[in-house]
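J.: Give me a 3D structure for the following:
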Amino acid sequence: MRRRTAMNDRNDMHIMTINMMPKTPEDEKSMRAKLDRLGPEEVRSRLNRTIELDPNEAVPIDDTPPPWPRRKFVEDWLNEQRVAADRLQRSNRRWAIVAAVASIVAAILAAWSSNRNRNRPCNAAGPAASSMAGAISAAGNATG
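T.: Next up is the predicted model:
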């Protein structure tokens, strides 16, 4: 895309064309890097300050010389950033729900376990002494 600018030179009108759009994949990669450095909020703000609404019009997003990205390229980049942010937010929400459910299950299991232990008879000597007492009583019954 070429942008035409009118220059007034001694009452004569001249048309000057400037190549403003990326030509190579390297140009596109550098455009994406510039947009990434600026961030979505700043790019959106600068895009809103432009007066051209044509999707094929070159948009000077920063102070670098041409080639500049087309408005459609910048809008597509902004859309990609929004989709990525939405995807991250959904993922974070999913993990928050998983963590909440896991903590509820852990709390229920802990309450169930402590309630279960409360209903058992208390043996002051501990489990080893009760098994020893059972063995002695079994031996006494066998001999007697």
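
J.: C-alpha only now, for contacts and for neighbours.
T.: Will do.

J.: longest single helix anywhere in the chain?
T.: Longest helix in the chain, counting residues (DSSP state H): helix 71-118.

J.: Which elements pack onto it?
T.: Contact analysis of helix 71-118 by 3 or more C-alpha pairs under 8 Å, 6 or more residues apart in numbering; DSSP states H and E lists helix 40-48 as its packing neighbours.

J.: List the contacts of the helix it packs on.
T.: 35, 59, 61, 71, 74, 78, 81 (C-alpha atoms under 8 Å, 6 or more residues apart in numbering).

J.: List the buried residues of it.
T.: The neighbour-count check on helix 40-48 (16 or more other C-alpha atoms under 10 Å) flags 40, 43-44, 47 as buried.

J.: okay, and for this structure, where does confidence drop off?
T.: Scanning the chain with the threshold set as pLDDT under 70 gives 1-23, 119-144.

J.: Give me the phi and psi angles of Pro65.
T.: Note on Pro65: its backbone torsions stand at phi -70, psi 170 [degrees, to the nearest 10].

J.: Over to Asp63?
T.: Backbone torsions of Asp63, given as degrees, to the nearest 10, read phi -90, psi 10.

J.: Tell me, how many residues neighbour it?
T.: 7 (other C-alpha atoms under 10 Å).

J.: Next: Ala96.
T.: A total of 12 residues lie near Ala96 under the criterion other C-alpha under 10 Å.

J.: That one and Trp68: what is the separation?
T.: 41 Å (C-alpha to C-alpha, to the nearest Å).

J.: if we can go back for a sec, let me know the closest of the buried residues of helix 40-48 to Ala102.
T.: Pro40 (35.3 Å; C-alpha to C-alpha).

J.: Next, the contact list for Met50, please.
T.: One thing to correct before we go on: residue 50 is Thr, not Met. For Thr50, the residues meeting the contact criterion (C-alpha under 8 Å, 6+ apart) are Val59.

J.: what's the answer for the one 4 residues further on, then?
T.: Asp54 is in contact with Arg71, counting by C-alpha under 8 Å, 6+ apart.
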